[in-house]
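>>> here is a sequence together with a model predicted from it:
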Amino acid sequence: MLRDFYMDNDFRKTWDKTLAMYGQLQVDKGSGTEIGWMVKKFPLMTPREYVLAWKVWEGNDGSFYCYSKECEHPLIHRQKKYARVALFRSGWRIKAVSGRNACEIKMVHQEDSGMNVEIAKLAFAKGIWNYICKMHSAFRNYSTARRSPLTAGVSAVTLIQKVPTELDAISSTANTMPPGTSTSRDHLNPGLPPHETFVKKLPSKQSIKLLKNAFLIIGGAICLSRGHSNLGVKVAMVCILGKLTKRSASRSKSQERGGIHSQDSRGLLEDLATY
């Protein structure tokens, strides 16, 4: 019942006021894929046009899956009065809840309708609860309100196929995996401790400051050497390199003793100023 309610676009027009038009374009009986066209209207915006292809599968446990995506069709040409949605990916799974007269619905949705992100967030936050309430009321009336069953014509529901065996086995394994079971990460990296987070040790502020000063010194030296080639500059370059070598050696020794010369970079800059 819930599967038919989700897939019945003709009935959707009676309760979903955003759905202005809908039409079936093509059904591939071999693959069970259905292609449809719909127009949705939004306040103060150009109506959005959708050309979608979707397919429905049934799992061995009685669950249902549906996946929809955007496509092109020769019967539908672009019109200026509509904004064609270029990116639409949506999927859902309906599964019965064991021990209860209820169903679990999981949905993944991605859509780029050309709407401003902030406006889209605001519209979703303000309108989603009202939309869910309308959907709930419509579903309660669905069994008595529809005049003909959804299976009367050829559609993705009548051409429903079974989930491929290998995919159904993966899904069943993932749902029944007990806590503490090893994952693919454990097999790919057997030497790593399980569930351990490795964080790279970031350099200290002092190290970053020294690195910046070193780049500044080297850059200035390169500019001087390329701008002047007289003997005085060459001598200055030799002295600078000597200073850098000596201070690097002294810094290494001080770090081994546990101390840090905080004035190294300042001293280097002062030495440069003398040349």
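Done, it's in.
>>> and the lowest mean pLDDT element among the helices and strands of the chain?
Counting by mean pLDDT, DSSP states H and E, the chain has its least confident helix or strand at helix 184-188, which shows a mean of 43.
>>> secondary structure class of Ile11, three-state.
You called it Ile, but residue 11 is Phe. helix (DSSP: H, G, I helix; E, B strand; the rest coil).
>>> quick one: it from Ser143, how far?
11 Å (Cβ to Cβ, to the nearest Å). To be clear about C-beta, it is placed using only N, CA and C from the backbone, and glycine gets the same treatment.
>>> do the same with Ser98
23 Å.
>>> follow-up on the earlier one: more neighbours: which of Phe11 and Ser143?
Neighbour count, other Cβ atoms under 10 Å: between Phe11 and Ser143, Phe11 has more, with 18 against 10.
>>> quick check, that one in contact with Tyr142.
Yes - shown here, Phe11 and Tyr142 form a contact pair, counting by Cβ atoms under 8 Å, at 6.7 Å.
>>> could you pull out the helices in the stretch 1-150 of the chain for me?
Assigned by DSSP state H, counting those that start in this stretch, the helices in the stretch 1-150 of the chain fall at 2-7, 9-15, 117-145.
>>> of all these, which one is nearest Gln161?
Closest approach to Gln161 among the helices of the stretch 1-150 of the chain (Cβ to Cβ): helix 2-7, 13.7 Å.
>>> what is that closest one packed up against?
strand 64-70, strand 87-96, helix 117-145 (3 or more Cβ pairs under 8 Å, 6 or more residues apart in numbering; DSSP states H and E).
>>> now the shortest one: mean pLDDT?
For strand 64-70, the per-residue pLDDT values average out at 95.
>>> kindly spell out which helices and strands sit in contact with that strand.
Short answer (3+ Cβ pairs under 8 Å, 6+ apart): strand 64-70 packs on helix 2-7, strand 48-58, strand 87-96.
>>> next, the buried residues of the longest one.
Read it as strand 48-58. Arg48, Glu49, Tyr50, Val51, Leu52, Ala53, Trp54, Lys55, Val56, Trp57 (16 or more other Cβ atoms under 10 Å).
>>> just to check, the fifth one is in contact with Val39?
No - under the criterion of Cβ under 8 Å, Leu52 makes no contact with Val39, lying 11.9 Å away.
>>> ok, and the closest non-adjacent residue to Trp15?
Using Cβ to Cβ, 6 or more residues apart in numbering and skipping residues adjacent in sequence, the residue nearest Trp15 is Ala138, 3.8 Å away.
>>> neighbours of the one you found, how many?
Using other Cβ under 10 Å: Ala138 sits among 16 other residues.
>>> ditto for Met38
If we define neighbours as other Cβ under 10 Å, then Met38 has 19 of them.
>>> tell me how far it lies from Arg140.
24 Å.
>>> and Ala53, by the same measure?
30 Å.
>>> do the same with Arg84
Arg84 is 34 Å from Arg140, by Cβ to Cβ.
>>> more crowded one of those two?
Using other Cβ under 10 Å, the more surrounded residue of Arg84 and Arg140 is Arg84, with 16 against 10.
>>> so who does Glu70 touch?
Tyr50, Val51, Leu52, Ala53, Val85, Ala86, Leu87, Phe88, Arg89 (Cβ atoms under 8 Å, 6 or more residues apart in numbering).
>>> reformat those as a markdown table; add pLDDT.
Below are those laid out as a markdown table (pLDDT from 0 to 100):
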| residue | pLDDT |
| --- | --- |
| Tyr50 | 97 |
| Val51 | 97 |
| Leu52 | 96 |
| Ala53 | 96 |
| Val85 | 94 |
| Ala86 | 92 |
| Leu87 | 95 |
| Phe88 | 95 |
| Arg89 | 95 |
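>>> what ranges of the stretch 101-250 of the chain fall below the confidence cut-off?
145-152, 166-250 (pLDDT under 70).
>>> thinking again about what came up before, which neighbours do Phe11 and Tyr142 share?
With Cβ under 8 Å, 6+ apart, Phe11 and Tyr142 have common neighbours Phe5.
>>> on that earlier part again, residues contacting the residue nearest to Trp15?
If you count contacts by Cβ under 8 Å, 6+ apart, Ala138 has them with Phe5, Phe11, Thr14, Trp15, Asp16.
>>> and for the nearest residue to Gln26 once chain neighbours are set aside, the neighbour number?
Nearest residue to Gln26, sequence neighbours excluded (Cβ to Cβ, 6+ apart): Ile35, at 4.4 Å. Look at Ile35: counted by other Cβ under 10 Å, it has 19 neighbours.
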